[in-house]
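sequence first, predicted coordinates after that:
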Amino acid sequence: MVQGTDAAVGSAYDARAAEYVELAGAIEQMDARDAAVIAAWRDATPGRLLDAGCGPGHWTEFLGTGGREARGVDLSAEFIATARTRHPDVPFDLGTFRDLPLDGGSVGGILAWYSLIHTPPADLPEILAEFGRVLAPGGSILIGFFDGEPRESFAHAVAPAFFWSADALAELLADAGFAVVSRETRGREQGEISARPHGSLVARRR
């Protein structure tokens, strides 16, 4: 069951789902560099893939390219309804990262693309532990985040959010049994959906 801050974030996205989908609900609206990062990770990651924070499902479908098995989970009922309509052959679940509807060790990779930004920093270890539970040994996670002063909050358009850095996330990931294997950061260019600096990292479960 979604509860606490999860319920608030889910409701906030429900209220603006239609606006979000229009602005950023298709792969064609995404930055090509993001697609390249996610595609490279997808192609290097064996096994079933989970899109944690799938929104309207465009990245989930992208993960399933080439016959790969992918599924999505999100806090927003409106996003899940849209995802199921747009991508009827892909499974989607309404739920929280704190209690994923998956067996232990059942997925090879988890994409968390800007989906941890609303998690209070004190709660992130719980989420990473749950990710570690469902990942197979050697499985990996790709995290996208807003690069900035770690744990500093900012006024996101939908719900309060937090900056992170690769170093700060690496420390939390190490405590959860992961090792960072790659990272990248970049500024934003004119015309991108967000003007905030971007960061991503790949970590592998030990």
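Nice, thanks for sending it over. Residues are numbered from 1 along each chain as shown.

can we go C-alpha only for contacts and neighbour counts from here?
Fine.

longest helix of the protein?
Taking DSSP state H as the criterion, the chain has its longest helix at helix 32-44.

strand partners (parallel or antiparallel) of the helix or strand following it?
Next helix or strand after helix 32-44 toward the C-terminus (DSSP states H and E): strand 49-52. Each strand that pairs with strand 49-52, with its direction, by DSSP bridges: strand 70-74 (parallel), strand 107-113 (parallel).

ok, and what's touching whatever helix or strand comes next after strand 49-52?
Where DSSP H and E defines the elements, the next helix or strand beyond strand 49-52 is helix 58-63. With contacts defined as Cα atoms under 8 Å, 6 or more residues apart in numbering, helix 58-63 is touched by 25-27, 39, 42, 49-51, 54, 69-72, 83, 87, 90.

how far is the longest helix of the chain from where the chain is centred?
Relative to its chain's centre, helix 32-44 lies at 14 Å (Cα atoms, centre = their mean, to the nearest Å).

put together CSV for the strands paired with strand 49-52, with distance to Ser182, mean neighbour count and mean pLDDT on each row.
CSV is the format used below for the strands paired with strand 49-52 (distance: least, Cα to Cα, whole Å; neighbours: other Cα atoms under 10 Å; pLDDT from 0 to 100):
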stretch, distance to Ser182, mean neighbour count, mean pLDDT
strand 70-74, 22, 25, 98
strand 107-113, 14, 24, 98
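
can you put the ones you listed in JSON lines and add distance to Glu189?
Converted to JSON lines, the strands paired with strand 49-52 look like this (distance: least, Cα to Cα, whole Å):
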{"stretch": "strand 70-74", "distance to Glu189": "28"}
{"stretch": "strand 107-113", "distance to Glu189": "19"}
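
among these, which is nearest Val134?
Closest approach to Val134 among the strands paired with strand 49-52 is made by strand 107-113 (6.1 Å; Cα to Cα).

identify the residues contacting that closest one?
Taking Cα under 8 Å, 6+ apart as the rule, strand 107-113 contacts 45-53, 131, 134-136, 138-145.

7 Å - rerun?
Under the criterion Cα atoms under 7 Å, 6 or more residues apart in numbering, residues 45-53, 134-136, 139-144 lie in contact with strand 107-113.
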